[in-house]
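> Here is a sequence together with a model predicted from it:
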There are 2 protein chains.
Amino acid sequence: MRDVAIIGVGMTAWGELWEKSLRTIWTEAALAALDDAGVDHVDYITIGCMSPGLFVGQEHLASLLADELGMAGVPAARVETACASGGLALRMGLAEVASGLSDIVLVTGVEKMNDVDTAETTYALGTAADQEWEAFHGVTFPGLYAMMARLHMAKYGTTSEQLAAVSVKNHANALLNPDAQYHLKLTVEDVLGSTMVADPLHIFDCSPITDGAAAVVIASMDVAREITGDRPIVRITGSGLATDTITLANREDLTSLPAVRKAAERAYAMAGRVPGDIHVAEVHDCFTIAEIMTTEALGFFEPGQGGPAAEKGLTGHGGKIPVNTSGGLKAKGHPVGATGVAQVVEVATQLRGEAGQRQVEGARIGLTQTMGGSGGSAVVHILEVES
Amino acid sequence: MRDVAIIGVGMTAWGELWEKSLRTIWTEAALAALDDAGVDHVDYITIGCMSPGLFVGQEHLASLLADELGMAGVPAARVETACASGGLALRMGLAEVASGLSDIVLVTGVEKMNDVDTAETTYALGTAADQEWEAFHGVTFPGLYAMMARLHMAKYGTTSEQLAAVSVKNHANALLNPDAQYHLKLTVEDVLGSTMVADPLHIFDCSPITDGAAAVVIASMDVAREITGDRPIVRITGSGLATDTITLANREDLTSLPAVRKAAERAYAMAGRVPGDIHVAEVHDCFTIAEIMTTEALGFFEPGQGGPAAEKGLTGHGGKIPVNTSGGLKAKGHPVGATGVAQVVEVATQLRGEAGQRQVEGARIGLTQTMGGSGGSAVVHILEVES
């Protein structure tokens, strides 16, 4: 298996992008990554996108977007595993380069979510749950995660204040990220006083609806060394995927995320790393409870300790393990297919030492983690900068 | 790069499967392939499916289907490039095994198309065209392919009788395939006398709406040798993908299929083969004109000679290159995401010498070809049996 490196990253400002279409925002991110890498051709394009069919009435993004980029002819593929689609796009590119089938791959993610009304958006997102056994009966994702939160509270004593601490931290981080959807300074009281969506989750416990795209260029290590010059080379040293039952009803325990744990175990084993080795991480905080549960599933904290850790600042700048320095899904935004790729953009930027005001000092090993639905699928990658 | 082999194949009868759901038909095909391979575990599952969001209101098939198969936990991924999604699922599996990231992969395709009404089906299929520049203005796929047919007729003298010959051949082949959707003996007069859909394409020039699934198990050659015993081992020796402009309006020439030509060139180069080496092929006859154009793009016939070749029987049993011995999309059916995988099922079965009444004598090298939309993407694979 060939070693694979990240040689370019790019994204554009995220938000409610009413004046731009899916193809426009995707192309902006792709061109930014190609510019950053300094390459004018790629062998393959992967596109993480959850549901362009339901959000913008368009499938077949492989052809549409290769064409829009001026690269009609180049092999391209869309991949989907709900909100983890961006992470999967990186895995697919990794396999292409590691196998030798491709030398340079443009890995991208995109979602244009605001072009349909709120009911349609809710329906589209609900297709990540079991259509027959969950969505049909009226439950939506805030409800599913609220049930997980309630049980986590009952089992471990997790509090609403601890949930709020995640939101406050991620919004504070987003203040330092010009590409983030929101630039708001929040307090715990602001979160607790905000509209209740699905008890115990307030509106400020929930990630927003976002239009956005992100891209990274990956290459075999040989090609990377030729191209990158004096810039640090970021290697992809670990990659792990896993699934779980799609319905919460079929799980033995709703207070843990087995798919995240399994994906992480695979990634750690491949990289020869343990949780304590990680210096910076971007995780899937679609709801504040999700960040607490994922930091436990990734092994950063013991089960039940994710809430207290957030409250004590262990996941903030200067803490034990800075999490979601980009602002996370909560504050940077969550264009579902793009999220996994944007996580890689952030961690690679941190490892290159180019994160400016958000820089985590001395970060050399980073981790990204996305998940689909209520944890029915998960993708974890470990990135390391050559010292 | 590791060598990769096909060690099991499976599919179920295709048609209008009103009493079965997407998850049911997929699981039947997956279990058939696992049984045929004689394995009870896999490292990864790939799923080609064009639009479960629009056809059955369900995305996140990776989690849904791994769970349904009793394999929750196993990494899984859905891939999409419109009607070529099944071919892409094989490519993704190939990269996984060739890289060493996985040893055994279950490669699958599925589409459940009959659970929505005809208008919704037409809308869903139309998302493979450019939503803003083609579909919005009312053109559907019969219309797009009719334009290609009209120009092919004007440039090369291709006739309606030649188009009909493709349909007659594929329906005759399907009579020998118990899994095919249609078992009809047709004549050229039947085709020419059938309802006109989009001049010059009659209803019998068009592939149908189908529910169906197909699956193959692939593995590294080392694992394949351990498992297959005395059965012939079918290697994947060539794999090529390509894209083209998604809109016909942006193409220089509508009488050829550059994406198919480029994908084929890549697959031939990888396998070290030329078109004349191929003994049996399954190609993407979504419309009869498509089979004529693909047999030209694959290099089996010179441009303009695809029609005469079909009429002379060169693509029939005993001809120069038997094409679509399974019945093809036209008569076996076209559950869009499943088609590319079912092509592999047919060719692998032929190369193993297990095709019964459909057997092409002495077939040792085969080819599969799918395409998305009006040729905006294409996937070609070359399979060879060890002698």
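Received it, and whenever you're ready, just let me know what you need.
> can you pull the contacts of the closest residue to A:Arg225 other than its chain neighbours?
Computed as Cβ to Cβ, 6 or more residues apart in numbering or on different chains, the closest residue to A:Arg225 that is not its neighbour in sequence is A:Ile233, at 7.0 Å. Just so you know, the C-beta spots here come from the backbone N, C-alpha and C atoms, and that holds for glycine as well. Contact analysis of A:Ile233 by Cβ atoms under 8 Å, 6 or more residues apart in numbering or on different chains lists A:Ala5, A:Ile7, A:Met221, A:Ala224, A:Arg225, A:Val385, A:Glu386.
> quick one: the residue nearest to A:Pro178 when sequence neighbours are not counted from A:Leu22, how far?
Nearest residue to A:Pro178, sequence neighbours excluded (Cβ to Cβ, 6+ apart): A:Ala13, at 6.9 Å. A:Ala13 sits 16 Å away from A:Leu22, taking Cβ to Cβ, to the nearest Å as the criterion.
> which of those two has more neighbours?
Applying other Cβ atoms under 10 Å in any protein chain shown to A:Ala13 and A:Leu22 shows that A:Leu22 carries more neighbours, namely 28 against 15.
> That one reaches A:Met50, doesn't it?
No - counting by Cβ atoms under 8 Å, A:Leu22 does not reach A:Met50; the two are 12.0 Å apart.
> Look up which helix or strand the residue most central in space within chain A falls in, please.
Nearest to the mean C-alpha position of chain A, counting by Cα atoms, centre = their mean, stands A:Gly340 at 3.2 Å. In this assignment (DSSP states H and E), A:Gly340 forms part of helix A:336-351.
> now that helix: how far from the chain's centre is it?
Mean C-alpha position of helix A:336-351 versus that of the full chain (Cα atoms, centre = their mean, to the nearest Å) differs by 6 Å.
> Then stretch A:87-103?
Remark: stretch A:87-103 is offset 18 Å from the chain centroid, using Cα atoms, centre = their mean.
> Just the contacts of A:Ile233: which are in strands?
Counted as lying in strands by DSSP state E, out of the contacts of A:Ile233, are A:Ala5, A:Ile7, A:Val385.
> okay, now the closest residue to the second one other than its chain neighbours: neighbour count?
What that stands for is A:Ile7. Distances taken as Cβ to Cβ, 6+ apart place A:Ala37 nearest to A:Ile7, at 4.5 Å, with adjacent residues excluded. For A:Ala37, the tally of surrounding residues (other Cβ under 10 Å) stands at 25.
> need the contact list for A:Ala37.
A:Ile7, A:Gly8, A:Val217, A:Ala219, A:Ile227.
> can you rerun that using 6 Å?
A:Ile7, A:Gly8, A:Val217 (Cβ atoms under 6 Å, 6 or more residues apart in numbering or on different chains).
> next one: A:Gly313
Contacts of A:Gly313 (Cβ under 6 Å, 6+ apart): A:Gly319.
> repeat that with 8 Å
A:Lys169, A:Gly319.
> Return the residues of the stretch 151-300 of chain A in contact with chain B.
Residues of the stretch 151-300 of chain A that fall close to chain B, judged by Cβ under 8 Å from any Cβ of the partner chain: A:239-247, A:250, A:258-259, A:262-263, A:266.
> Looking at these, which are in helices?
Mapping these onto helices (DSSP state H) picks out A:Pro258, A:Ala259, A:Lys262, A:Ala263, A:Arg266.
> Roughly how far does the closest residue to the first one other than its chain neighbours sit from A:Cys206?
Right, the one you point to is A:Pro258. Among residues not flanking A:Pro258 along the chain, A:Asp244 sits closest, at 5.2 Å (Cβ to Cβ, 6+ apart). From A:Asp244 over to A:Cys206 the distance is 22 Å, taken as Cβ to Cβ.
> Between these two, point out the one with more neighbours.
Taking other Cβ under 10 Å, A:Asp244 and A:Cys206 do not tie; A:Asp244 has more neighbours (28 against 24).
> Spit out the contact partners of that one.
So A:Asp244 contacts A:Arg251, A:Leu257, A:Pro258, A:Ala259, A:Gly375, A:Gly376, A:Ser377, A:Ala378, B:Ser63, B:Asp67, B:Ala72, B:Gly73 (Cβ under 8 Å, 6+ apart).
> Quick one: the residues you listed as TSV, columns for pLDDT and distance to A:Leu351 too.
Below are the contacts of A:Asp244 laid out as TSV (pLDDT from 0 to 100; distance: Cβ to Cβ, whole Å):
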residue	pLDDT	distance to A:Leu351
A:Arg251	96	34
A:Leu257	98	25
A:Pro258	98	28
A:Ala259	98	25
A:Gly375	98	27
A:Gly376	98	30
A:Ser377	98	26
A:Ala378	98	22
B:Ser63	98	30
B:Asp67	97	35
B:Ala72	97	33
B:Gly73	98	30
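> Which of those residues ranks first by neighbour count?
A:Ser377 leads these on contacts (other Cβ under 10 Å) with 36 neighbours.
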